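>>> A predicted structure for the sequence below; I have some questions about it.
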Amino acid sequence: MLKRCLKMLELHLHFGKITIGDDMEVSLDGRRLPSKPRLLKDLANVLMDRQVLDMIGASTVLYRMCRDAVHEKDVSAFRNHAVRFDITVISPISLGDEYNKTLGHYHPEAARGLTYPELYQVLSGQAIFLLQRQEGGRLTEFRIMEANAGDAVLIPPNFGHVTINPGDDLLVLSNLVSSSFESVYGDYISKHGAAYYVLKGKRMIPNPEYGQLPPPKRSGARYPISKDLYSDFISCPRCFSFLNDPSAIADRFLI
Ligand SMILES: [Fe+2]
């Protein structure tokens, strides 16, 4: 259920009430969660058009990330299984012709030849996930996944990812991911973003830094959930053991 108040968004979910203030700060059942903002200047190197820095303030908050956005009573359940539950709020602001987006990152290797996977669920708004895979320094695969409120998607091992807000409203996302690693941002920064830029009207523009590119592949794949990522994890933490050990079910990811 979604209730919109003046400059405030309330999401009534199975695991609690999420409130987003007009500053994109997040509360869970009335408790303000610590968050880290990403500012326009943090994304300076991944913009298609750096003139955006002069058009909107460099200190404009593009999105907020709340790590470990869980109830006190559930902290040990997540910690004991080395899994993190986060909430991210992405503003609908435009970056020139580009939609607002996250910086983009890869995950390190979790098992031989497989990096850590991740699960996302759209809690409110619209999302475009850009997934890309590189082998031997060459980009070999690029996927686009569009998702709406309620949809859950899997970022398979070995894919870097960027999330885009193509809508006119806030995009609110949750994610489940191993707590055992730090994301790797360097490649996105040095190559000035993902392999394709997504402009208004969902036009795709190749990023020349990557050279020869495969055409983008659309994927409508959804990860099956019962209630929501948080509630499903609390009901069955071992069902998410692949977040720390993707080798056990690697075949499932080779779609
Ligand atoms: Fe990630």
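Yes, it's here. These figures come from a predicted structure and were not determined experimentally. Numbers count the residues shown, from 1 in each chain.

>>> list the contacts for Ala58?
Leu39, Leu40, Lys41, Ala44 (C-beta atoms under 8 Å, 6 or more residues apart in numbering). C-beta here means a position set from N, CA and C on the backbone, and glycine is covered the same way.

>>> how does it look with 6 Å?
Taking C-beta atoms under 6 Å, 6 or more residues apart in numbering, we find Ala58 in contact with Leu40, Lys41.

>>> How about Lys200?
So Lys200 contacts Asp97 (C-beta under 6 Å, 6+ apart).

>>> now the one 10 residues further on
For Tyr210, the contact set (C-beta under 6 Å, 6+ apart) comprises Leu139, Ala195.

>>> any idea how far Gly104 is from it?
Per C-beta to C-beta, to the nearest Å, Tyr210 is found 13 Å from Gly104.

>>> which neighbours do the two share?
Counting by C-beta under 6 Å, 6+ apart, Tyr210 and Gly104 have no common neighbour.

>>> Which phi and psi values does Pro246 adopt?
phi -70, psi -10 (degrees, to the nearest 10).

>>> Read off the pLDDT value for it.
Pro246 carries a pLDDT value of 91.

>>> And the one 3 residues further on, by the same measure?
The predicted local confidence for Ile249 comes out at a pLDDT of 69.

>>> give me every residue that touches the spatially closest residue to Asp68 that is not a sequence neighbour.
In space, and not counting its chain neighbours, Asp68 is closest to Arg84: 6.0 Å by C-beta to C-beta, 6 or more residues apart in numbering. Residues near Arg84 by C-beta under 6 Å, 6+ apart: Asp68, Val177, Ser179.

>>> Highest neighbour count among those residues?
Counting neighbours by other C-beta atoms under 10 Å, the top entry in those is Val177, with 23 neighbours.
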